[in-house]
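Engineer: Have a look; sequence and predicted model below, questions after that.
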Amino acid sequence: DVKVTQSSRYLVKRTGEKVFLECVQDMDHENMFWYRQDPGLGLRLIYFSYDVKMKEKGDIPEGYSVSREKKERFSLILESASTNQTSMYLCASSPQGAPNTEAFFGQGTRLTVV
Amino acid sequence: AQSVTQLGSHVSVSEGALVLLRCNYSSSVPPYLFWYVQYPNQGLQLLLKYTSAATLVKGINGFEAEFKKSETSFHLTKPSAHMSDAAEYFCAVSDRNQFYFGTGTSLTVIP
């Protein structure tokens, strides 16, 4: 069974902390994504990566950075967490060159910044 | 860029009634369309996808969707709602390795 695994289901962090959200996929997918989900706003793309060490900004990259040192792992970093980054974070992966193939999602990380 | 519009952020139906969730897309090329379901505090799970093989697509849990090019629509239906269908539903379109999601429709099933 294909899998995208996010390291934490729930996280509580303090304002100003550096936060790491980890995502690992076992499908050998080239593409990986980080989305943020907020009520009424749907899924908004933060960053995506189409290869190791490659990254592209999505719609809302401010306050975030990413790292992809290995194909299977894509990390989202909040350099200095703020309360407006309290949200549900979703990681996804998909194969390249297969446009009718869906994105596979992890279980999500619900982050609360206090 | 591609986009999808989901009409109705909240839909309520009685148990056993027809479920209809609307999705319209904008695409200048043949679209690749998906419906996902999200249960509380979970990730997104694929319900079905349009692959151009057939305009009526059947998915899991009794859901189906019909692709109508003339209306640029891909509405999701289920003949008889079940309590377990209560969830958030997202329509999405893919283009050049990117996915574009609608804002979601929250489905409530009334017993």
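Structural biologist: Done, it's in. Numbers count the residues shown, from 1 in each chain, chains lettered A, B, ... in the order given.

Engineer: Residue numbers of chain B in contact with chain A?
Structural biologist: The interface of chain B toward chain A, taken as C-beta under 8 Å from any C-beta of the partner chain, is made up of B:9, B:32, B:34, B:36, B:41-46, B:49-52, B:90, B:92, B:94-99, B:101-104. The C-beta positions use only the backbone N, C-alpha and C, and glycine is treated the same way.

Engineer: Now do the same contact list for the residue nearest the centre of chain B.
Structural biologist: Computing the C-alpha centroid of chain B and ranking residues by C-alpha atoms, centre = their mean puts B:W35 first, at 3.8 Å. Contact analysis of B:W35 by C-beta atoms under 8 Å, 6 or more residues apart in numbering or on different chains lists B:21, B:23, B:46-49, B:59, B:63, B:65, B:74, B:76, B:89-92.

Engineer: Out of these, which comes closest to chain A?
Structural biologist: Using C-beta to the nearest C-beta, the shortest approach to chain A within these belongs to B:L46, at 4.9 Å.

Engineer: before we move on, what SS does the closest one have?
Structural biologist: With DSSP: H, G, I helix; E, B strand; the rest coil as the basis, the three-state label of B:L46 is strand.

Engineer: Any of the residues of chain B next to chain A buried? List them.
Structural biologist: With neighbours counted by 16 or more other C-beta atoms under 10 Å in any protein chain shown, the residues of chain B next to chain A contain buried members at B:32, B:34, B:36, B:42-44, B:46, B:49-50, B:90, B:92, B:94-95, B:97-99, B:101-104.

Engineer: Find the nearest non-adjacent residue to the residue nearest to the centre of chain B, please.
Structural biologist: B:L47 (4.3 Å; C-beta to C-beta, 6 or more residues apart in numbering or on different chains).

Engineer: hang on, the one you found packs against B:Y39?
Structural biologist: No: contact criterion C-beta atoms under 8 Å: B:L47 and B:Y39 do not qualify, at 11.8 Å.

Engineer: dump the residue contacts of residue 3.
Structural biologist: In the absence of a named chain, chain A is used. Contacts of A:K3 (C-beta under 8 Å, 6+ apart): A:Q25, A:D26, A:M27, A:F104.

Engineer: Oops, wrong one, chain B.
Structural biologist: B:S3 makes contact with B:Y25, B:S26, B:V93, B:Y100 under the criterion C-beta under 8 Å, 6+ apart.

Engineer: where are the low-confidence patches of chain A?
Structural biologist: When residues are selected by pLDDT under 70, those of chain A lie in A:1-2.

Engineer: residues from it in reach of chain B?
Structural biologist: Counting by C-beta under 8 Å from any C-beta, the positions of chain A adjacent to chain B are A:4, A:6, A:9, A:31, A:33, A:35, A:40-43, A:45, A:48, A:50, A:90, A:92, A:94, A:96, A:99-100, A:102-103, A:105-108, A:110.

Engineer: which of these count as buried?
Structural biologist: A:4, A:6, A:31, A:33, A:35, A:42-43, A:45, A:48, A:50, A:90, A:92, A:94, A:99, A:102-103, A:105-108, A:110.

Engineer: what about B:A53, neighbour count?
Structural biologist: Applying the criterion other C-beta atoms under 10 Å in any protein chain shown, we find 7 residues in the vicinity of B:A53.

Engineer: Show me the strands in chain B, by range?
Structural biologist: B:3-5, B:10-14, B:19-21, B:24-26, B:32-38, B:44-50, B:56-58, B:64-68, B:73-78, B:87-95, B:98-101, B:105-110 (DSSP state E).
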